[in-house]
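In: got a predicted model here, sequence first, then my questions.
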Amino acid sequence: MSTRIAFLKGHGTENDFVIVPDPENTIDLPTSAVAALCDRRAGIGGDGLLHVVRSAAHPEAKDMAAEAEWFMDYRNGDGSIAEMCGNGVRVFARYLQHAGHITEGDLAVATRAGVKTVHIDKDGDVTVGMGRARLPEGDVTVSVGEHSWPARNVNMGNPHAVAFVADLADAGDLLSAPPFSPATAYPDGVNVEFVVDRGPRHVAMRVHERGSGETRSCGTGACAVAVATARRDGADPAVTGTPATYTVDVPGGTLVITERADGEVEMTGPAVIVATGEIDADWLENMAS
């Protein structure tokens, strides 16, 4: 291992990430090392980590290499592995452009939730095809303190519970994961979104991300919120043939979500690279051990 490891810092609507370029998958990033890098006082700081690897070089992505050259090996801030991160995909694409691997236009990115299509607009926004939402049957309830709300179970490649509340303050501090029931609904934990209306097809949300706590934004969460709100409003593009577009305000900015008639959910928003630097390899090795 070299004595220095390159990293970058980026964010999408203030959902921020440590980016570790590692095309040939040679850097060891165990859970403890990722958590240390994402620590906001003792590390670099981030809601998660984007490990940038060529699909052909990663055992989890080899089967997708023919469709997508690059694999987003995404980790939550606590070091745990996650299936997908919508803001992360946009920042991942922005890094590839920053590094000269791609230009404006279309590309495919491999993730643990499958291959995602990405379009980098000339104005800088990035649009991601997030796949189709799944809406598992069954009642779900989420709680904060003494208050409980029914929640819509939405899966965007990762699990979400979407609860509509009177005030976003009802979500409390979101430092710990809101309890949910039944426990069988989310055996591996869940991202919980609390939502209020702002206007026609315009909502605002706060989120507790599984493995990261409250974050300033969650891309898959915004998609889950848009789909849940559309169904609440009686809109189902697969039935009507008419796309449904929602503006979703998050603490870190605004995302625009469209559910198309074919069921594909598209998310558009900004992605920014803010810094580059080097990680001391000896420090990382100590953290990993």
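Out: Right, received. Where do you want to start? Numbering: from 1, shown residues only.
In: where does the stretch 101-250 of the chain dip in pLDDT?
Out: By pLDDT under 70, the stretch 101-250 of the chain has no low-scoring segment.
In: what about the strands in it?
Out: 105-111, 114-120, 126-132, 140-144, 147-155, 159-164, 180-181, 191-199, 202-209, 213-215, 244-250 (DSSP state E, counting those that start in this stretch).
In: just to check, Ala42 is in contact with Ala36?
Out: Yes: between Ala42 and Ala36 there is a contact at 6.7 Å, judged by Cβ atoms under 8 Å. Every C-beta, even on glycine, is put in place using the N, C-alpha and C of the backbone.
In: would JSON lines of the strands of the stretch 101-250 of the chain with distance to Trp70 be doable?
Out: Below are these laid out as JSON lines (distance: least, Cβ to Cβ, whole Å):
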{"stretch": "strand 105-111", "distance to Trp70": "6"}
{"stretch": "strand 114-120", "distance to Trp70": "10"}
{"stretch": "strand 126-132", "distance to Trp70": "14"}
{"stretch": "strand 140-144", "distance to Trp70": "35"}
{"stretch": "strand 147-155", "distance to Trp70": "24"}
{"stretch": "strand 159-164", "distance to Trp70": "25"}
{"stretch": "strand 180-181", "distance to Trp70": "34"}
{"stretch": "strand 191-199", "distance to Trp70": "24"}
{"stretch": "strand 202-209", "distance to Trp70": "23"}
{"stretch": "strand 213-215", "distance to Trp70": "23"}
{"stretch": "strand 244-250", "distance to Trp70": "26"}
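In: wait, Phe38 touches Val20, no?
Out: No Phe there; residue 38 is Cys. No: counting by Cβ under 8 Å, Cys38 stays clear of Val20, with 11.1 Å between them.
In: check the gap between the residue most central in space within the chain and Asp170 for me.
Out: Centroid-nearest residue in the chain, with Cα atoms, centre = their mean: Cys85, separated by 2.3 Å. According to Cβ to Cβ, to the nearest Å, Cys85 stands 26 Å off from Asp170.
In: so how many other residues sit close to the residue nearest to Gly189 when sequence neighbours are not counted?
Out: Computed as Cβ to Cβ, 6 or more residues apart in numbering, the closest residue to Gly189 that is not its neighbour in sequence is Arg210, at 4.4 Å. Neighbours of Arg210 under the rule other Cβ atoms under 10 Å: 21.
In: go ahead and confirm Arg210 touches Pro187.
Out: No: Arg210 is beyond contact range of Pro187, at 11.9 Å (criterion: Cβ under 8 Å).
In: name the residues contacting each of those two.
Out: Between them, Arg210 and Pro187 share no contacting residue under Cβ atoms under 8 Å, 6 or more residues apart in numbering.
In: what's the helix or strand hosting Leu8 packed up against?
Out: Using DSSP states H and E, Leu8 sits within strand 4-12. Counting contacts by 3 or more Cβ pairs under 8 Å, 6 or more residues apart in numbering; DSSP states H and E, strand 4-12 packs against strand 15-21, helix 86-98, strand 272-280, helix 281-288.
In: out of these, which gets nearest to Pro237?
Out: Smallest distance to Pro237 across the helices and strands packed on strand 4-12 (Cβ to Cβ): 18.8 Å, for helix 86-98.
In: now the closest one: buried residues?
Out: Residues 86-98 are the ones in helix 86-98 that count as buried (16 or more other Cβ atoms under 10 Å).
In: Thr31: which of the residues you listed is nearest?
Out: Using Cβ to Cβ, the buried residues of helix 86-98 come closest to Thr31 at Gly88, 17.4 Å.
In: so that closest one makes contact with Arg75?
Out: No: here Gly88 does not reach Arg75: they are 9.6 Å apart, not a contact under Cβ under 8 Å.
In: thank you, goodbye.
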